[in-house]
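A.B. asks: I would like the atomic coordinates for the input below:
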Amino acid sequence: MHCVQQTSKGTVIGFVGSVLLAISAWLASPWGLGFAGRSNPLAIRWAHTLPAVIGAVFLFAGWLKVRGVGQKQAWRIFAIWVLPLLFCPPLLSKDIWAYLEQGWIVLKGHNPYTTPLSTIGGPFQFGVDRYWKFTTTVYPPLALQIQAAMVAISGANPLLSAFAMRLPGVLAVIGIGACLPRIAQTADQPPGHALWLGILNPLVIVHFIGGGHNDSWGIALGVLGIWIAVRWKRAWLAGCVAVGLAMAVKQPLGLMLVAVALVGVAAPEETPPRDAWRIVFPQALWRLPVGLVGVIVGFAIPTVTSGWGLGWATASGSPQSAGSQSIVHTLAAAVDMFTSVSLGGAVTVLTPIFLAIGVAGIIWVGWHQGATRPIACTAWALIIFAFAYPSLQPWYVLWGGVLLGAIRLSTTALRWVIAGVAALLSTNVFLDYAGFPIPVGQGIAIALALLVANRAKKTRAFERTE
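C.D. replies: Reported below is the predicted structural model:
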């Protein structure tokens, strides 16, 4: 039985971390010391960084201490931890300002796929990151419609709009948490464990609540689709429509189709892959194409009603142009630092190599888990895609990461998942606030992951508790 005293202590520690992170967000804003960036004087960079580092450490430590909580306890802790982050400027990212600028463009009656950001004036262009200024948006229409709604309800006041942009994120995480326990039952996982990894995860707290990233909205719709397929097996096609709506927020989430289409016909887990696919293939042969039609329908609903079409496909903005934490960018930055090859040239060479590795990894996971554990297959496939893609931010890993608590993980896998959370939690602090070069920040993150994993192995601290 989980120690009540340790849970209380962990809750307090995590709350202190959340408060410190909120303080860092205020300091790294126009209402504090100004936006974070490498061009700031060293003293300002460390004024941004210090409370963020301590806050992230406290939140991570609190998260470890509350491991093993029950379902009701998890929700109480979630409410306590997110409270300080509801009313502070965007944390560790300026993406909210781009969202609000896009919402402003929509409210003013412009086509967001032909009207670049920061070109029509307005209250939000001051905060748009330089990577996105004067580019057209890459987001599908449902994301833009939600952004416009938040600008409208907040009266286009910059600070109030930033607060309002957290509303869909909070609702999305609550929706994810409402679905995860039922999904976890398919793998005999405790609901508290699913919520511990799914909504109390520091990456979720920091990036979906503090950073307000729109990925949470799409993930919630995709997880809803999986929940529908688990809860009502005959309604799985409705789950595919929900996945299509998820794609209308973030395109890669279409991979959740695999879980929705196959979870109701999966072979027993102990079945060898070859035998499992012999059982499942006749069903997969028609369910995947029919499910794809459902996804297209879901995607088409906001696309058609918006009247903007598929303009995002030819947008001038590109995630690859932004500061990225991908393996491709990290290696390319190292090549740029130590050789005469440019960053762009190295990225061009490395991108197809890692995409091919990613495709091979997804095929491997699909063969070994697609027919027996389609939810696990989907979770790992999305994580592999996030790491193989030439653009990566820590919250991209949550596309599949929120499902990890609802699937069966070995002790070793869980240990490395937790180590990965520690690493990804550190990167934005060191890169965006402290201004470290990408290879340096990523090197620290890798060293941190190895340290946490090694410590866990020695202490057996991360073994599953039921």
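
A.B. asks: okay, CA-based contacts and neighbour counts for the rest of this
C.D. replies: Noted.

A.B. asks: is residue 244 within a helix or a strand, and which one?
C.D. replies: Secondary structure assignment for residue 244, by DSSP states H and E: helix 236-247.

A.B. asks: ugh, wrong one, I meant residue 83
C.D. replies: Per DSSP H and E: helix 71-86 holds residue 83.

A.B. asks: any idea how far that helix is from the middle of the chain?
C.D. replies: 19 Å (Cα atoms, centre = their mean, to the nearest Å).

A.B. asks: show me what it is packed up against.
C.D. replies: Contact here means 3 or more Cα pairs under 8 Å, 6 or more residues apart in numbering; DSSP states H and E; on that basis helix 71-86 packs against helix 4-27, helix 191-198.

A.B. asks: give me the contact list for the longest one.
C.D. replies: Contacts with helix 4-27, where a contact means Cα atoms under 8 Å, 6 or more residues apart in numbering, come from 32-34, 47-52, 54-67, 69, 77, 80-82, 84-85, 88-92, 210.

A.B. asks: mind checking which of those residues are buried?
C.D. replies: 33, 47-52, 54-67, 69, 77, 80-82, 84-85, 88-92, 210 (16 or more other Cα atoms under 10 Å).

A.B. asks: just the pLDDT for residue 317.
C.D. replies: We have a pLDDT of 61 for residue 317.

A.B. asks: quick revisit: what helices or strands is the following helix or strand past the helix holding residue 244 leaning on?
C.D. replies: The first helix or strand that comes after helix 236-247 along the chain, using DSSP H and E, is helix 257-262. Contacts defined by 3+ Cα pairs under 8 Å, 6+ apart place helix 257-262 against helix 215-231, helix 236-247, helix 273-306, helix 374-388.

A.B. asks: among those helices, which comes closest to residue 112?
C.D. replies: Closest of these to residue 112 is helix 273-306, at 10.6 Å (criterion: Cα to Cα).

A.B. asks: between helix 236-247 and the closest one, find me the angle.
C.D. replies: Taking axes from the mean of the first three to the mean of the last three Cα atoms, to 10 degrees, one finds that helix 273-306 is oriented at 60 degrees with respect to helix 236-247.

A.B. asks: list the buried ones in helix 273-306?
C.D. replies: So for helix 273-306, counting by 16+ other Cα under 10 Å, buried means 273, 276-277, 279-281, 283-284, 287-288, 291-303.

A.B. asks: next: stretch 4-14.
C.D. replies: Applying 16+ other Cα under 10 Å to stretch 4-14 flags 7, 10, 11, 12, 13, 14 as buried.

A.B. asks: so how far is that stretch from its chain's centroid?
C.D. replies: Distance, centroid of stretch 4-14 to centroid of chain: 26 Å (Cα atoms, centre = their mean).

A.B. asks: same check on stretch 341-360?
C.D. replies: With Cα atoms, centre = their mean, you get 22 Å for stretch 341-360.

A.B. asks: next one: stretch 131-142
C.D. replies: From the chain centre to the centre of stretch 131-142 is a distance of 18 Å (Cα atoms, centre = their mean).
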